[in-house]
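J.: got a predicted structure plus its sequence, pasted below:
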Amino acid sequence: MAKLIERATGLFAIWTVLGVAWAWIEPAHFTWVTQTSVAGQGLVSVLLGLIMLGMGLTLSLADFARVLKMPKGIAAGITLQFTVMPLAGLCFAMLFGLEQGLAVGLVLVACCPGGTASNVVTYLARANLALSVSMTMCSTLLAILFTPLLTDWLGGVFIQIDRWSLLRQMVAIVLVPVVAGVALNTLLPSLTRRIAVVSPLLSVFAIVLIVGGIVGNSKELIEAHFGRLLIAIFLLHATGFALGLLLPRLMGFARADARTISIEVGMQNSGLGASLASAPSFAAQFTNPMQAALAPVPSAISSVYHVVIGSILAGIWSREKVQER
């Protein structure tokens, strides 16, 4: 059963594409996701919290100690994560003249940390999985501060953004679930191991629901901005993957490590971007409700682009013999 679940999780790119296609053809099957609340919280935020809890369940104190063993790779990757992507997001938003809501949404997802799907792609690409897991963990925790600050700084070009509201959301849907997951893994390891078998697949299912809900709810808006938006988001991720590979190689990193950093930089936590952009407190910062409705759209499209590009690269790289230098 564990092997079957692992294989199904490895097909996350296919599930994401199929989910988006389903939401596009039958929007009503997914719109309930963005319109449902649980205990006063939007379902999108609850699902994202469960994804972060699942991430925490896979982490142990040993994972935090491992960070000290590869500081150069982690530092380089995180630096690129929070410089290349945010700046590229702002540049492409301005270059393509995206409407206010789309521009802010693109900057927001560009300021998010690497997604947990990057670990699966790194494994499939036969790159450095230990570095990938450590980078995802560190970038996710640092994003609690960096995502609000960078979004306020860069997204502030388009609207005034409440960084403190974003910070509170990051604490609620990232820090608390991750810490809870690590605590459970430390205190109840046998129970956590059993849960961790299915949690990655459940996380994929949750991402598909989040993305499908946003696509289904915003289909008409996406159609109205189809061309420029798709190109801008594609270029955002292409830039992340390209510079994430090229710059580490120029810095002297081994090919496997450079590929790992490329995957981490190019793949964003689009679910987090979608959750933040869908929050009522974030929407309230727009004077035009139509622009507020556009803000989560880049994250939804981003989730498709980065898993498809990442999976293609993993397929190519896994067939190559990776040299140390």
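T.: That came in fine, so what should we check first? On a predicted model such as this, the values are computed, not experimentally measured, just so you know.
J.: can you tell me which residues contact residue 278?
T.: Residue 278 is in contact with 34, 42, 44, 45, 214, 295, 296, counting by CB atoms under 8 Å, 6 or more residues apart in numbering. Heads up, the C-betas are built off the backbone N, CA and C, glycines and all.
J.: ok, residue 63 next?
T.: Counting by CB under 8 Å, 6+ apart, residue 63 has contacts 133, 134, 137.
J.: reformat those as a markdown table; add secondary structure and distance to residue 84.
T.: Shown next, in a markdown table, are those (DSSP: H, G, I helix; E, B strand; the rest coil; distance: CB to CB, whole Å):
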| residue | secondary structure | distance to residue 84 |
| --- | --- | --- |
| 133 | helix | 21 |
| 134 | helix | 19 |
| 137 | helix | 20 |
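J.: mind listing which of the contacts of residue 278 are in strands?
T.: If you go by DSSP state E, the contacts of residue 278 have residue 42 in strands.
J.: hmm, which of the contacts of residue 278 is lowest in pLDDT?
T.: The lowest pLDDT within the contacts of residue 278 belongs to residue 42, which sits at 79.
J.: pretty sure it contacts residue 281?
T.: No: contact between residue 42 and residue 281 fails when scored by CB atoms under 8 Å: they sit 10.6 Å apart.
J.: more crowded one of these two?
T.: residue 42 (18 against 13; other CB atoms under 10 Å).
J.: with adjacent residues omitted, what lies nearest to that one?
T.: Take residue 42 and drop its neighbours on the chain: the residue closest to it by CB to CB, 6 or more residues apart in numbering is residue 278, 6.3 Å away.
J.: ok, the one you found to residue 62 distance?
T.: Using CB to CB, to the nearest Å, we find residue 278 at a distance of 35 Å from residue 62.
J.: and if you look at residue 99?
T.: Distance, residue 99 to residue 62, by CB to CB: 46 Å.
J.: those two: which is more packed in?
T.: Neighbour totals were compared for residue 99 and residue 62, and residue 99 leads with 19 against 7 (other CB under 10 Å).
J.: how many neighbours does residue 302 have?
T.: 29.
J.: from what I can see it touches residue 237, true?
T.: Yes: counting by CB under 8 Å, residue 237 is a contact partner of residue 302 at 7.0 Å.
J.: any common contacting residues for these two?
T.: Shared contacts of residue 302 and residue 237 (CB under 8 Å, 6+ apart): residue 268.
J.: show me where pLDDT drops low in this protein?
T.: The chain contains residues with pLDDT under 70 at 39-40, 321-325.
J.: what's the first helix or strand after the helix or strand hosting residue 86?
T.: Using DSSP states H and E, residue 86 falls within helix 84-95. From helix 84-95 onward toward the C-terminus, using DSSP H and E, the following helix or strand is helix 100-110.
J.: quickly find the element holding residue 22.
T.: Assigned by DSSP H and E, residue 22 belongs to helix 12-25.
J.: just the strands in this structure please.
T.: 37-38, 41-42.
J.: okay, now residue 12: neighbour count?
T.: Other residues within reach of residue 12, judged by other CB under 10 Å, total 23.
J.: quick one: residues contacting it.
T.: By CB under 8 Å, 6+ apart, the contact list for residue 12 reads 117, 120, 204, 207, 307.
J.: state the distance from the residue nearest to the third one when sequence neighbours are not counted to residue 179.
T.: What that stands for is residue 204. Nearest non-adjacent residue to residue 204, counting by CB to CB, 6+ apart: residue 12, 4.6 Å away. Spatial separation of residue 12 from residue 179 under the definition CB to CB is 25 Å.
J.: of all the residues in the helix holding residue 86, which ones are buried?
T.: Buried residues in helix 84-95, counted by 16 or more other CB atoms under 10 Å: 84, 85, 86, 87, 88, 89, 90, 91, 92, 93.
J.: residues contacting that helix, please?
T.: Residues outside helix 84-95 that contact it (CB under 8 Å, 6+ apart): 102-103, 106-107, 109-111, 150, 154, 157-158, 232-233, 235-236, 239-240, 243-244, 247, 265, 268.
J.: next, the angle from that helix to helix 100-110.
T.: Angle, helix 84-95 to helix 100-110, by axes from the mean of the first three to the mean of the last three CA atoms, to 10 degrees: 170 degrees.
J.: count of residues packed around residue 71?
T.: Neighbours of residue 71 (other CB under 10 Å): 10.
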